[in-house]
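> Could you look at this predicted model? Sequence included:
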Amino acid sequence: MLRESSCLLPPSQPVILRSGKKEDISRETMVTPNRTSTRQDGGRRKTMSRSGQRKSRSASSNTDQSSLKKSGGSECGSEQQKEITSESEVVTLDIFDDSVWDTDLEAEDTKEPYDHSGRSSYINRCRQLGVTPISYFLRHMQDKELDLRYHGLGSRGSRAVTPTIATSCHIQKLDLTDNNLSRSGGLALCEMIKENCFITELVLSSNKLNLCVWDLCDAIIQNDTLTHLILSDNDFNDYSAPVLAKLITNTKKLEFLDLSHNKLESRSGKALGPALSENSTINHLNLSWNNLRANGFEALANGIKGNCALKHLDLSWNGIDRGVAKALGEALKFNNTLEHLNISNCRVNPECSVLIGLGLSCNETLKELKMVRNPMESAGCYAICAAVLRNQSPAIEKLDFQHSHVNEDFNEIFEQLKEKLPDVRVIHGSQEAKKKPKAMIHPMALLVRYLDDNNIRLADCFGKFDEDGSMTVTHEEFIKGIESIGLRLDDAQKTFLLNEMDRDGDGEIDYSELVRSRMEFKAKANSAEYLFPKMIQPTS
């Protein structure tokens with residue numbers, strides 16, 4: 001055992017083991033001969049080499065044997081123990097410590113544990129790209145819903161964060177709204193979309209992705225898990241429309257698509273319309289706040305006509321004219337899946353409402369129609385309600401005509417609609433107030449003002465009425481004279497004036513009655529009740 005242990009120790013430290021238990025020999029006092037002992041030679045210290053030590057040992061051995069012959073065994077043993085002790089060092093070692101033993105086995109490589117969260121790799125990329133790590137991302141990188149809105153990632157920040165997200169198996173909803181990704185950041189995002197297979201909802205609003213729209217759409221088409229995609233406010237225009245149409249045509253999983261607040265115009269409508277007719281997965285489409293007009297909007301409506309998946313369609317804040325309204329009415333006739341339609345703020349007038357109503361009278365699936373803030377007036381609201389009444393099996397549950405004022409005619413048809421569909425909700429603007437009749441000015445005030453403005457004396461005026469000079473005129477002569485001088489009075493005013501002047505009721509007006517009526521008028525001219533009297537309409 002001594003020989004085996006000595007081989008395992010370093011060459012400079014042989015060990016002597018005593019018998020005993022493991023606990024007793026775990027730490028032993030071991031004797032290590034000093035291989036580099038020094039001796040005195042002529043007053044100088046001389047270091048002995050290994051070969052010199054061997055010669056010295058052999059000489060010492062011969063000397064010991066000769067001394068043993070001369071002296072007894074006990075003296076020889078004590079001298080030998082004394083020499084070993086004087087030329088040795090006492091070293092305390094733990095024989096169960098692997099670090100003190102030599103071994104021919106290869107040393108194990110010390111590897112750092114793999115960071116499955118991606119935290120360390122994200123920090124290293126931030127260091128390489130010269131960006132500050134986002135503490136919120138480090139805290140929530142394993143959440144199911146990761147909200148990184150308004151963090152100002154930019155292109156470099158996106159290149160730092162997207163590789164970590166690409167390998168994450170926790171994130172299911174990612175919101176990157178308003179991070180100014182631009183082209184380089186968008187390309188890094190595209191690589192993430194291709195690789196990640198756990199994210200189902202992705203919000204990319206306000207990131208200027210029009211510069212990489214082709215790469216983005218190709219990446220989304222390759223992704224098999226993404227179902228909700230929001231691309232609003234990314235400056236998409238007519239040049240982006242063909243690839244957006246390609247996305248709509250080829251996507252197999254996408255169910256929710258938001259393209260609102262972009263710059264899609266007529267050419268875009270012509271591209272998206274045929275794509276919608278071929279798509280069978282998207283059930284919620286938002287195209288609000290674009291510039292869809294005329295022919296482009298008509299093409300889009302024709303695409304809706306042949307679609308078999310859409311349930312929610314938002315076309316608000318675009319432009320609907322007569323041609324678009326007609327195409328939209330045709331689409332409602334044949335589409336049998338659409339349930340919610342929003343055409344608010346589309347400049348729908350009463351005529352357009354009638355054309356849309358033609359399709360609504362045949363539709364059996366539409367549940368909600370929003371037409372808020374349109375110049376459709378009460379007549380347009382009436383036309384839509386009348387169309388629902390004509391429908392044999394309507395599914396409508398809500399009609400929203402907010403900010404459109406209605407009149408009494410609308411109230412009548414609304415009551416009929418409530419009888420047919422008791423649960424229907426109709427929201428409209430305020431009730432138009434009944435038109436009040438204009439205040440009737442006292443006819444004498446008109447007569448006096450006319451005479452004063454034209455510098456005509458009352459006597460001269462009466463003289464024109466009194467052709468025979470009798471100083472009296474009949475009612476017919478008085479009315480004829482008033483019309484001859486250019487004073488226009490309606491029938492009520494004429495009747496009131498005749499009753500006011502013919503005080504004795506004999507059917508004639510004399511000059512004295514005219515003068516007295518004028519004097520009384522001037523005396524009471526400051527009275528509003530006298531100046532604006534209630535006049536009785538003449539009976540026919």
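Received the coordinates, thanks.
> Assign T164 to helix, strand or coil.
Following DSSP: H, G, I helix; E, B strand; the rest coil, the label given to T164 is helix.
> Confirm that C352 lies within a strand, as I assumed.
No - secondary structure of C352 (three-state DSSP): helix, not part of a strand.
> burial of the nearest residue to E477 once chain neighbours are set aside, as a residue count?
Distance criterion CB to CB, 6 or more residues apart in numbering; nearest residue to E477, sequence neighbours excluded, is F465 at 5.7 Å. All C-beta spots, glycine's among them, are computed from the backbone N, C-alpha and C. Burial of F465 is recorded as 20 neighbouring residues (other CB atoms under 10 Å).
> Wait, F465 touches G481, no?
Yes - with contact taken as CB atoms under 8 Å, F465 and G481 are classed as touching, separated by 3.5 Å.
> what do those two both touch?
In terms of CB atoms under 8 Å, 6 or more residues apart in numbering, F465 and G481 are both contacted by the residues V473.
> Dig out what T474 forms beta bridges with.
Judged by DSSP bridges, the bridge partners of T474 are E508.
> so what pLDDT did it get?
If you check T474, the pLDDT there is 80.
> just D94 next, same as before
For D94, the pLDDT comes out at 64.
> Just to check, G154 is in contact with R183?
No - using CB under 8 Å, G154 is not in contact with R183; the gap is 11.5 Å.
> just to revisit the earlier point, quick one, what contacts the residue nearest to E477?
Contacts for F465 (CB under 8 Å, 6+ apart) come out as 473, 477-478, 480-481.
> ok, which pair from these is furthest apart?
Using CB to CB, the contacts of F465 span at most 9.0 Å, a distance reached by V473 and K480.
> and those two? which has more neighbours close in?
Each of V473 and K480 has its neighbours counted (other CB under 10 Å); V473 has more, 23 against 14.
> what's the closest non-adjacent residue to G357?
Excluding its sequence neighbours, the residue lying closest to G357 (CB to CB, 6+ apart) is A387, at 3.3 Å.
> quick one: what helix or strand has the one you found in it?
Under the criterion of DSSP states H and E, A387 resides in helix 377-390.
> could you give the mean pLDDT of that helix?
Throughout helix 377-390, pLDDT has a mean value of 95.
> same deal with stretch 146-153?
Stretch 146-153 carries an average pLDDT of 96.
> Dump the C-alpha coordinates for it into CSV.
Extracted in CSV, the C-alpha atoms of stretch 146-153 (Å, rounded to 0.1, in the frame of the first residue of the first chain):
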residue,chain,number,x,y,z
LEU,A,146,-45.1,40.7,-24.3
ASP,A,147,-45.9,44.4,-24.7
LEU,A,148,-43.0,46.4,-26.2
ARG,A,149,-44.9,49.4,-27.4
TYR,A,150,-43.2,52.8,-27.6
HIS,A,151,-39.7,51.5,-26.5
GLY,A,152,-37.9,53.2,-29.4
LEU,A,153,-36.1,50.0,-30.5
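> so where is the chain shaky, pLDDT-wise?
Along the chain, segments meeting pLDDT under 70 span 1-114, 432-442, 521-540.
> Next, the contact list for H151, please.
By CB under 8 Å, 6+ apart, H151 lies in contact with 134, 136-137, 157, 179.
> Now, of those, which are buried?
Buried by 16 or more other CB atoms under 10 Å: 134, 137, 157, 179, out of the contacts of H151.
> Show the residue spans covered by the helices in the stretch 201-350 of the chain.
Ranges of helices within the stretch 201-350 of the chain are 213-222, 241-250, 266-278, 294-305, 322-334, 350-360, based on DSSP state H, counting those that start in this stretch.
> what angle sits between the second one and helix 266-278?
What it means is helix 241-250. Computed with axes from the mean of the first three to the mean of the last three CA atoms, to 10 degrees, the direction of helix 241-250 lies at 10 degrees from that of helix 266-278.
> mind listing what's buried in helix 241-250?
For helix 241-250, a neighbour-count test (16+ other CB under 10 Å) marks 241-248, 250 as buried.
> Among the residues you listed, which one sits closest to V448?
Distance to V448 across these (CB to CB) is lowest for A241, with 72.0 Å.
> how near is the closest one to L315?
16 Å (CB to CB, to the nearest Å).
> With T249 instead?
For T249, the distance to L315 (CB to CB) stands at 20 Å.
> Distance-wise, check the nearest residue to N262 once chain neighbours are set aside relative to L153.
Excluding the flanking residues, the one nearest N262 by CB to CB, 6+ apart is F236, at 4.1 Å. Distance, F236 to L153, by CB to CB: 20 Å.
> quick one: which of those two has more around it?
L153 (25 against 22).
> which residue packs closest to H140, ignoring adjacent ones?
Excluding its sequence neighbours, the residue lying closest to H140 (CB to CB, 6+ apart) is L146, at 5.9 Å.
> That neighbour looks like it's in a strand, true?
Yes - assessed by three-state DSSP, L146 belongs to a strand.
> Run a quick neighbour tally on it.
L146: 21 neighbours (other CB under 10 Å).
> Break down the stretch 351-500 of the chain into its strands, ranges please.
368-370, 398-401, 425-428, 472-474 (DSSP state E, counting those that start in this stretch).
> I misspoke; the intended subject was the stretch 151-300 of the chain.
Using DSSP E, counting those that start in this stretch, strands in the stretch 151-300 of the chain cover 173-175, 201-203, 228-230, 256-258, 284-286.
> ok so, going back, could you tell me the angle between the helix holding A387 and helix 322-334?
Between helix 377-390 and helix 322-334, the angle comes out at 20 degrees (the same axes, to 10 degrees).
> which secondary structure elements does helix 377-390 contact?
On a contact count with 3 or more CB pairs under 8 Å, 6 or more residues apart in numbering; DSSP states H and E, helix 377-390 meets helix 350-360, strand 398-401, helix 408-420.
> Recalculate using a threshold of 7 Å.
Secondary-structure packing of helix 377-390 (3 or more CB pairs under 7 Å, 6 or more residues apart in numbering; DSSP states H and E): helix 350-360, helix 408-420.
> List the buried residues in the first one.
Across helix 350-360, burial judged by 16+ other CB under 10 Å covers 350, 352-360.
> Show which residues not belonging to the host helix or strand of Y122 make contact with it.
Using DSSP H and E, Y122 falls within helix 119-129. Helix 119-129 has contacts (CB atoms under 7 Å, 6 or more residues apart in numbering) with 115, 132-133, 138, 141, 156, 159-161, 163-164.
> And the contacts of the helix or strand following it?
Sequence-wise, the next helix or strand downstream of helix 119-129 (DSSP H and E) is helix 135-140. For helix 135-140, contacts defined as CB under 7 Å, 6+ apart pick out 119, 146, 148, 161.
> CA atoms only for stretch 191-208, dumped as CSV, please.
Provided in CSV are the C-alpha atoms of stretch 191-208 (Å, rounded to 0.1, in the frame of the first residue of the first chain):
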residue,chain,number,x,y,z
GLU,A,191,-36.2,36.5,-39.8
MET,A,192,-37.9,36.2,-36.4
ILE,A,193,-41.3,35.6,-38.0
LYS,A,194,-39.9,32.8,-40.2
GLU,A,195,-38.3,31.0,-37.2
ASN,A,196,-40.8,31.5,-34.4
CYS,A,197,-43.6,29.0,-34.3
PHE,A,198,-45.4,30.1,-31.0
ILE,A,199,-46.5,33.6,-31.6
THR,A,200,-50.2,33.8,-32.8
GLU,A,201,-50.9,37.6,-32.4
LEU,A,202,-48.5,40.2,-33.8
VAL,A,203,-49.0,44.0,-33.6
LEU,A,204,-46.7,46.0,-35.9
SER,A,205,-48.5,49.4,-36.1
SER,A,206,-46.6,52.6,-36.8
ASN,A,207,-43.2,51.1,-37.8
LYS,A,208,-42.6,52.4,-41.4
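> buried ones in that stretch?
Using 16+ other CB under 10 Å as the test for burial, stretch 191-208 gives 192-194, 196, 199-208.
> Pull the distance from that stretch to the chain's centre.
Put simply, stretch 191-208 sits 14 Å off its chain's centre (CA atoms, centre = their mean, to the nearest Å).
> likewise stretch 270-284?
The answer for stretch 270-284 is 22 Å, by CA atoms, centre = their mean.
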